[in-house]
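In: Here is my input, please return the structure:
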Amino acid sequence: MREPSVPMPLLQADGFEDALLGLARKKGAADSLAYDYDKCVAILVERGMSDEEAIEWMEFNVVDAYVGPTTPVFIQPYFEEQDQCD
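Out: Residues are numbered from 1 along each chain as shown. The predicted structure follows:
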């Protein structure tokens, strides 16, 4: 297994430790931590937000936040049929 090349510290998404999936790697980009988006939303709901509030919070305060090259990424399941039009 190849060792990750981390030129700077990996940034963590505070409060979402239980949603951590692992390390995201891409040629030409710094490694970053990857989190399960849906699990992050569920964590916010457990803390008292509605589903709608949690999704809005995730989009505005978490996903849209760029704090440097090792900004965490948030992953949602992808299903090919989602791309197909009716």
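In: what residues are up against the most centrally placed residue in the chain?
Out: Among the residues of the chain, the one closest to the centroid is Phe74, at 1.8 Å (C-alpha atoms, centre = their mean). Neighbour list for Phe74: Ala13, Ala34, Tyr35, Asp36, Tyr37, Cys40, Met58, Val62, Val63 [criterion: C-beta atoms under 8 Å, 6 or more residues apart in numbering]. For the C-beta atoms, the positions are set from N, CA and C on the backbone; glycine is no exception.
In: Mind doing that once more with 10 Å?
Out: Contact analysis of Phe74 by C-beta atoms under 10 Å, 6 or more residues apart in numbering lists 13, 16, 19, 21, 24, 33-41, 58-59, 62-63.
In: what about burial for those, which qualify?
Out: 13, 16, 19, 24, 33-37, 40-41, 58, 62-63 (16 or more other C-beta atoms under 10 Å).
In: Mind listing what's buried along the host helix or strand of Ile55?
Out: Applying DSSP states H and E as the criterion places Ile55 in helix 51-57. By neighbour count with 16+ other C-beta under 10 Å, helix 51-57 contains the buried residues Ala54, Ile55, Trp57.
In: out of everything not next to it in sequence, what's closest to the first one?
Out: Okay, so that is Ala54. Leaving aside its sequence neighbours, Ala54 sits nearest to Leu44 (C-beta to C-beta, 6 or more residues apart in numbering; 3.7 Å).
In: again with the second one
Out: In space, not counting the residues next to it along the chain, Ile55 is nearest to Val41; the distance is 5.9 Å by C-beta to C-beta, 6+ apart.
In: Alright, that wraps it up for me.
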